[in-house]
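>>> Model the following, please.
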Amino acid sequence: LPICVSWLPRGGFCPRTCSAPVQGPTSIALPFQPREVTVQEGKAVTLQCRMKGDSMRYYSVSWYRQGPTGSQEWIYKEDGTYGEGFKDRFQIKDEKFRNSFPLQIRAAEPADAATYYCQARITLEQIFWASAGLVHLARAPVQHSLISPLCLGLLCWVHQAV
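Below is the predicted model of the structure:
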């Protein structure tokens, strides 16, 4: 199912204004990629953005995320620039020739837990949006050290002597 084929004023956010996916007047769509991903802190994850019904190479593609508080942050803008604080750990792989425009998060951090969206724009009014996934973050496991065998032997010996 596609999500929100919309003709919005400049700067409008389709995911905020559309409550349900709708079929637009064309058969072009960014299909839902309703994937929930749990990534371990410090690890990488890749989110997909694919187009059906047209060639993505004719579109300007952007990525943004919406955090748990509803705040929206642009990650990558269609002009090739990254949002503030994203260039070091986020990477776009331009595969428009494959109708794909994936986003990779390298070394995930707690602040990366959000819903991610991609946007494909062909004109100022015709914008296609899709949710590319919900990212959850799992803390890195704590490593517990064991008491060395010498210490265990000593404790055993002390216990037997009492």
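
>>> Output the below-cut-off pLDDT ranges for the protein.
1-29, 31-34, 124-127, 129-133, 139-162 (pLDDT under 70).

>>> need the strands for it, in chain order.
All strands of the chain, identified by DSSP state E, fall at 3-7, 36-40, 45-47, 60-66, 72-76, 90-92, 103-105, 114-121, 126-138.

>>> Tell me the buried residues in the fifth one?
For strand 72-76, a neighbour-count test (16 or more other C-beta atoms under 10 Å) marks 74-76 as buried. All C-beta spots, glycine's among them, are computed from the backbone N, C-alpha and C.

>>> Closest to Tyr116 out of these?
Ile75 (7.8 Å; C-beta to C-beta).

>>> tell me the contacts of the closest one?
By C-beta atoms under 8 Å, 6 or more residues apart in numbering, the contact list for Ile75 reads 62-65, 82-83, 86, 90, 103, 116.

>>> And Gly83, how far from Met56?
Per C-beta to C-beta, to the nearest Å, Gly83 is found 21 Å from Met56.

>>> Compare these two (neighbour count), which wins?
Using other C-beta atoms under 10 Å, the more surrounded residue of Gly83 and Met56 is Met56, with 21 against 16.

>>> for that one, what are its contacts?
Counting by C-beta under 8 Å, 6+ apart, Met56 touches 50, 96, 99-101, 120.

>>> Please, a ChimeraX command that selects the buried ones among the residues you listed?
Those of those that count as buried under 16+ other C-beta under 10 Å are selected in ChimeraX with:
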select :50,99,101,120
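
>>> Beta-bridge partners for Val37, please?
For Val37, the beta-bridge partners are Val135 (DSSP bridges).

>>> Does it touch Tyr116 like I think?
No: Val37 lies out of contact with Tyr116 (C-beta atoms under 8 Å); the separation is 9.4 Å.

>>> ok, the two, which is more surrounded?
Legend: neighbour count by other C-beta under 10 Å for Val37 and Tyr116, higher for Tyr116 (24 against 16).

>>> what's the spacing between that one and Gly83?
Per C-beta to C-beta, Tyr116 is found 13 Å from Gly83.
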